[in-house]
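Visitor: what would the 3D arrangement of this be:
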Amino acid sequence: MTHIDAGTEVDPGHPLPAPVGTGGLTAAEVAERVARGQVNDIPVRSSRSTVEIVRANVFTRFNAIIGVLWLIMLVVAPIQDSLFGFVILANTGIGIVQEWRAKKTLDSLAVIGEARPTVRRDGAPAEVSTSEIVLDDLIEIGPGDKAVVDGVCVEADGLEIDESLLTGEADPVVKRPGDQILSGSFVVAGGGAFQATKVGREAYAAQLAEEASRFTLVHSELRSGISTILKYVTWMMIPAALGLVATQLFVKNKDLDDSIARTVGGIVPMVPEGLVLLTSVAFAIGVIRLGRKQCLVQELPAIEGLARVDTVCLDKTGTLTEGGMDVTELRPLDGSDASYVRTVLGALGESDPRPNASLQAIIDACPVAEGWRCTESLPFSSARKYSGATLSESDGDSHTWLLGAPDVLLAPDDPALAETERLNEQGLRVLLLARAAHELDAPDVAAGARPTALVVLEQRLRPDAADTLRYFAEQNVSAKVISGDNAVSVGAVAAKLGLEGSTVDARLLPQERDGMAEALDAGTVFGRVTPQQKRDMVGALQSHGHTVAMTGDGVNDVLALKDADIGVSMGSGSEATRAVAQIVLLNNSFATLPSVVAEGRRVIGNITRVATLFLVKTVYSVLLAVLVVCWQVEYPFLPRHLTLLSTLTIGVPAFFLALAPNKERAKPHFVRRVMRYSIPGGVVAAVATFLTYLIARHHYAGEGALDAETSAATLTLFLISMWVLAIIARPYTWWRIVLVASMGLGFVLVLAVPWLQEFFALKLVGQTMPWIAVGISVGAAAALEVIWKWIDRRFPAG
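Guide: Numbering: from 1, shown residues only. Next comes the predicted model:
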C-alpha cells in the first residue's frame, strides 16, 4: 500500500489538508471538532417529518373548500347538515396517524440498514455512524464501500473508484495519494484510506441529493393519475357550483337558510375528499406490513412500481445463492505440486485485506504461507474478472500470479477450458490459478499466463430461491439471471432452481440496443456480464417497453440498480448498492419480494376500484347541479342526505375495499381505466335521480312536498349507488357480500326508525312514488350493466 510522504506528488488542484498521521485523529481532536460543529450532520431523511405529515394532510385544496362550507353550515343549519365536516376531521386524523406509523417503521428500519463507515482514531479502526464523522477523520474504504464525505486520498492499494453516479463517467478512476475523493462515489476494486475535507452539507453528494433523498410520493402513476383527475374535477366544480349558488340563492325565492343548505348540499359531494386520503393510507399500511417482514421501502412508489414490473433481472451471487462458498476440490494442472499450489493460494488470500466471497473460501481452505510476502497486488475487479499479486517466496524467488475466470485468462483452445466446462455444467464455480509471464502493472499482464491449477468452488443455493422464481413465473413476470460468472455454471445453478430457458455468454451479445434487447427477450441466463453491460441490458429491456426490476448485492450491480425502474438490494450488500436501491431486504431473504409485489398489487388494484366509487359521486353531483340550474328548481338534497349516502355507499365500503387483498396484476393507464367507468356511471345515476325528482315534483303538492320529493330522489340515488358498489365489489367473497348487504341494511334502518327518519329528514310518502323510484333504479342498474360491459369490449383499458 502506498502512503503520502514528503516525496509524494499531489494534485495541485486539490491541496492536502493538514496531515493527521496514519493513526487518524485522537479522541481529544475529535471532541474539539465536534465542539466546533465540524460534524457530518446531515439528517437521515427516510421519511417526512411529523410536521410535514400534519401539514400535508390538513392543508389541502379540498379541505379548504369543505372547511369553509362546514363553517357556513354550522351557522345556518341543524348539526345533521354539518356531519360532512366531522367526517373530514376523522379522515384527516386517520391519514395523519397511518402516515406517522409508516414514518416510525421507515425510520427504525433505516437505522438498521444505515451504513457504518470505518474510521481510524487513536491508531485503531472503529465503525461509526455517518453522522459521527468529523472533519479530518481518516476513513478506510474497500470494495463496495461508498464515500460518505468529500476527502483527499491518503493511502491507496490498487484503489479504483466509480464516480459515474456523480459525473456520468462510466470507467472507474484509479486513485493515488493526493487525489480528490467525492462523496457519493464508491470503490470497485482495491482499498485505501482518505482524509475528510468536507463534511455535512458542504459535501458534494449532499448538495446534489439533499432534496432528492427525501421521502417522496410523486414518481408514481397512481399519484400523478389522481392529481390529473383532481385537476379536471376542480375545473368541473367551479362553473357547476357558481350556477348552483346563483339558482338557489337568487332565482328561487325560498328561505335563505334552506337555500344556503341546499347549495352547500350540491357542492360538497362534488369533492372526492376521501380519494387522496385512502391512497395515502393504503401506501402507509403497505409500508407497515412490509416493515414487519424486514423490508425497507426507501421510496414509497417502489411498492407500486414492483407490482407493475414484467421483467426481473437477478444477480446470481447473493440473490439466488448465499454469499458464502466452499472449496470442494483443487486440481493441479501440468504436473504442478498440490502442496505448492495451496501455499500460493494461501499467500494470495493473505495479500488482499478485503477478500470477496471466492477468495474468503480459498483463505478458509488454504493455510497462510510462512516466509512468503506480497510485494505488489492487483485487486479483483468485476470488469477484468481476475486479481493478482507478485509474491516473494521463502527461498527468495519472486513470481507474479493471477487468480480469476479461466475463460478470460486462457486462450480459447487451451485444454484446461474443456475441464472447466465440465465442472461448470454441474453448477460449480471454477477459478484458475495461473503464473503470469509479465509484470503485474503491464497492460497485457494476462497474456501468455501459464495455467497452474483449477480451484473448484461450490455455491450455496438460497433455500427460498426456487419458490420465489416459481411465483414470478406464475405471475407472468419473466426472470433474467445476469451474472459475471461463467455462463454454463450460472445456467446449471438456474436449472437446479427450476428456471428454464437458454444460456448466453454476454461477451457474444450485440452492442447495439435493439439487437441486445432481442437477445435478452430470447434468453434467460446470461454469464460473463460486466458491470457496464448490466446497465446496458437494463436500458435495452426498457427500450422495448419492459418495466424492469434489478436485484443485487455487490458493487458490480450498482449502475444497473440505479437505472432499473426498481432497484432491490440485500441488507448484507455493499453500502453502495443499499444507497441506490429503492427497496432493501434487510433479512437478506429473496422470498420477501413476492410480499412486495402483493402489496403493490393490493394498492393499485384497490385504489382503482375505490377511485371509481368516488368519481361516480363527483360526476353525478356536478351533473345534478347542471340539471338543477337548467330546470330552475330547488336542489333535491340537503347535506345530511348526501353525507348518509356517501358514508354507506362510498366511505365505509371504500375503506375495506382499499385494504383488502388483491392479486390482480397491475395494469397501466390508471386515469383511463377509472374515467371510462366513472363518467357513464355518474351520468346514469344523475339522469335517473333527476327523473325521479321531476316526477315526484308533479306527484306531490302542498306542505311537505319538497321533503317527500327529496326522499324519493334519495331512494333512487341510494339504490343506484348501491348497484355501483355491488359491481365494484366483484368478484364476490363472503366478506364482500356481507359488506354490501350491511350498507343496504343501514339505509333500511334509517327508513324504519322514526328518530333516524327525522334526523336525516327522510320519509317515504305513499306507495306510488317510492315504487316508481325503485322501478327507475332497476332500469338504471340494468343500463349500468349493459353500458359498462359495452365499454369493456369497445374501449379496453390495457
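
Visitor: any idea how far the residue positioned nearest the centre of the chain lies from residue 582?
Guide: Among the residues of the chain, the one closest to the centroid is residue 302, at 1.6 Å (Cα atoms, centre = their mean). From residue 302 across to residue 582, the span is 4 Å (Cβ to Cβ, to the nearest Å). Every C-beta, even on glycine, is put in place using the N, C-alpha and C of the backbone.

Visitor: what sits in contact with each of these two?
Guide: Listed as contacting both residue 302 and residue 582 by Cβ atoms under 8 Å, 6 or more residues apart in numbering are residue 566.

Visitor: tell me how far the closest residue to residue 373 other than its chain neighbours lies from residue 351.
Guide: Leaving aside its sequence neighbours, residue 373 sits nearest to residue 392 (Cβ to Cβ, 6 or more residues apart in numbering; 5.2 Å). Noted for residue 392: a distance of 11 Å to residue 351, by Cβ to Cβ.

Visitor: which parts of stretch 25-43 are buried?
Guide: By 16 or more other Cβ atoms under 10 Å, the buried positions in stretch 25-43 come out as 25, 29, 30, 33, 38, 39, 40, 42.

Visitor: show me those residues that map onto helices.
Guide: Counting by DSSP state H, the buried residues of stretch 25-43 place 29, 30, 33 in helices.

Visitor: is the closest residue to the last one other than its chain neighbours bridged to anything, and to what?
Guide: Same thing as residue 33. Nearest-residue entry for residue 33: residue 134, 4.0 Å, with adjacent residues in sequence omitted and distances by Cβ to Cβ, 6+ apart. Following DSSP bridges, residue 134 is listed with bridge partners residue 39.

Visitor: any idea how many residues pack against residue 134?
Guide: Residues lying near residue 134 (other Cβ atoms under 10 Å) number 25.

Visitor: hmm, it is touching residue 40, no?
Guide: Yes - contact criterion Cβ atoms under 8 Å: residue 134 and residue 40 qualify, at 7.3 Å.

Visitor: which residues do the two both contact?
Guide: 196, 199.

Visitor: the stretch 451-600 of the chain: strands as residue ranges?
Guide: 478-482, 503-505, 525-527, 548-552, 566-570, 583-585 (DSSP state E, counting those that start in this stretch).

Visitor: tabulate those strands (CSV), appending mean pLDDT and mean neighbour count.
Guide: Formatted as CSV, these follow (pLDDT from 0 to 100; neighbours: other Cβ atoms under 10 Å):
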stretch, mean pLDDT, mean neighbour count
strand 478-482, 92, 23
strand 503-505, 91, 18
strand 525-527, 92, 26
strand 548-552, 89, 29
strand 566-570, 88, 29
strand 583-585, 87, 25
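
Visitor: adding distance to residue 153, write those out as a markdown table.
Guide: Output for the strands of the stretch 451-600 of the chain, formatted as a markdown table (distance: least, Cβ to Cβ, whole Å):
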| stretch | distance to residue 153 |
| --- | --- |
| strand 478-482 | 32 |
| strand 503-505 | 36 |
| strand 525-527 | 34 |
| strand 548-552 | 27 |
| strand 566-570 | 27 |
| strand 583-585 | 29 |
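
Visitor: closest to residue 243 out of those?
Guide: With Cβ to Cβ, the closest approach to residue 243 among those belongs to strand 566-570: 46.4 Å.

Visitor: so for residue 392 and residue 351, which sits in the more crowded spot?
Guide: Ranked by neighbour count (other Cβ under 10 Å), residue 392 and residue 351 place residue 351 first, with 24 against 16.

Visitor: tell me the pLDDT of the more buried one.
Guide: Per-residue pLDDT puts residue 351 at 83.

Visitor: chain neighbours aside, what residue packs nearest to it?
Guide: Closest residue to residue 351 apart from its sequence neighbours, by Cβ to Cβ, 6+ apart: residue 374 at 3.7 Å.

Visitor: which parts of the stretch 251-400 of the chain are helices?
Guide: In the stretch 251-400 of the chain, the helices defined using DSSP state H, counting those that start in this stretch lie at 256-267, 273-292, 301-308, 338-351, 357-365.

Visitor: next, the buried residues of the helix or strand containing residue 783.
Guide: Per DSSP states H and E, residue 783 falls inside helix 768-794. Across helix 768-794, burial judged by 16+ other Cβ under 10 Å covers 769, 770, 772, 773, 776, 777, 780, 781, 783, 784, 788, 791.

Visitor: what's it packed up against?
Guide: Applying 3 or more Cβ pairs under 8 Å, 6 or more residues apart in numbering; DSSP states H and E, we find helix 768-794 packed against helix 670-699, helix 705-728.

Visitor: what's the most buried one of those?
Guide: Neighbour counts (mean count of other Cβ atoms under 10 Å) averaged over each of these peak at helix 705-728, with a mean of 23.

Visitor: poorly predicted segments of the stretch 651-798 of the chain, please.
Guide: Residue ranges of the stretch 651-798 of the chain with pLDDT under 70: 797-798.

Visitor: okay, and the beta partners of the residue nearest to residue 373?
Guide: Bridge pairing for residue 392 - DSSP bridges - gives residue 373, residue 398.

Visitor: cool, and the one 10 residues further on?
Guide: In this structure, residue 402 bridges to residue 388, residue 434 when assessed by DSSP bridges.

Visitor: against residue 347, how distant is it?
Guide: According to Cβ to Cβ, residue 402 and residue 347 sit 13 Å apart.

Visitor: next one: residue 32
Guide: 43 Å.

Visitor: okay, and residue 661 sits in which element?
Guide: Counting by DSSP H and E, no helix or strand carries residue 661.

Visitor: wait, it sits on residue 602?
Guide: Yes - Residue 661 lies in contact with residue 602 (Cβ under 8 Å); the separation is 6.1 Å.

Visitor: farthest residue from the center of this structure?
Guide: Largest separation from the mean C-alpha position in the chain: residue 702, at 62.3 Å (Cα atoms, centre = their mean).

Visitor: what sits against that one?
Guide: Listed by Cβ under 8 Å, 6+ apart, residue 702 has no contact partners.

Visitor: that's a helix at it, yeah?
Guide: No - residue state for residue 702 (DSSP: H, G, I helix; E, B strand; the rest coil) corresponds to coil; a helix is not indicated.

Visitor: mind checking what secondary structure residue 748 has?
Guide: Following three-state DSSP, the label given to residue 748 is helix.

Visitor: where does this protein dip in pLDDT?
Guide: For the chain (pLDDT under 70), the answer is 1-21, 42-48, 110-113, 165-170, 204-219, 251-255, 300, 323, 797-798.

Visitor: residue contacts, the residue nearest to residue 373?
Guide: Per Cβ under 8 Å, 6+ apart, neighbours of residue 392: 372, 373, 374, 375, 398.

Visitor: the same query, at a cut-off of 10 Å, please.
Guide: 347, 371, 372, 373, 374, 375, 376, 398, 399 (Cβ atoms under 10 Å, 6 or more residues apart in numbering).

Visitor: if I look at it, how far off is residue 364?
Guide: In terms of Cβ to Cβ, residue 392 sits 24 Å off from residue 364.

Visitor: check residue 707 too.
Guide: Shown here: residue 707 relative to residue 364, a distance of 86 Å by Cβ to Cβ.

Visitor: ok, residue 630 next?
Guide: Taken as Cβ to Cβ, the span from residue 630 to residue 364 is 85 Å.

Visitor: next: residue 648.
Guide: Distance of residue 648 to residue 364, computed by Cβ to Cβ: 67 Å.

Visitor: neighbour-wise, which of those two wins?
Guide: residue 648 (21 against 13).

Visitor: so the more buried one sits against residue 722, correct?
Guide: Yes - counting by Cβ atoms under 10 Å, residue 648 touches residue 722, with 8.0 Å between them.
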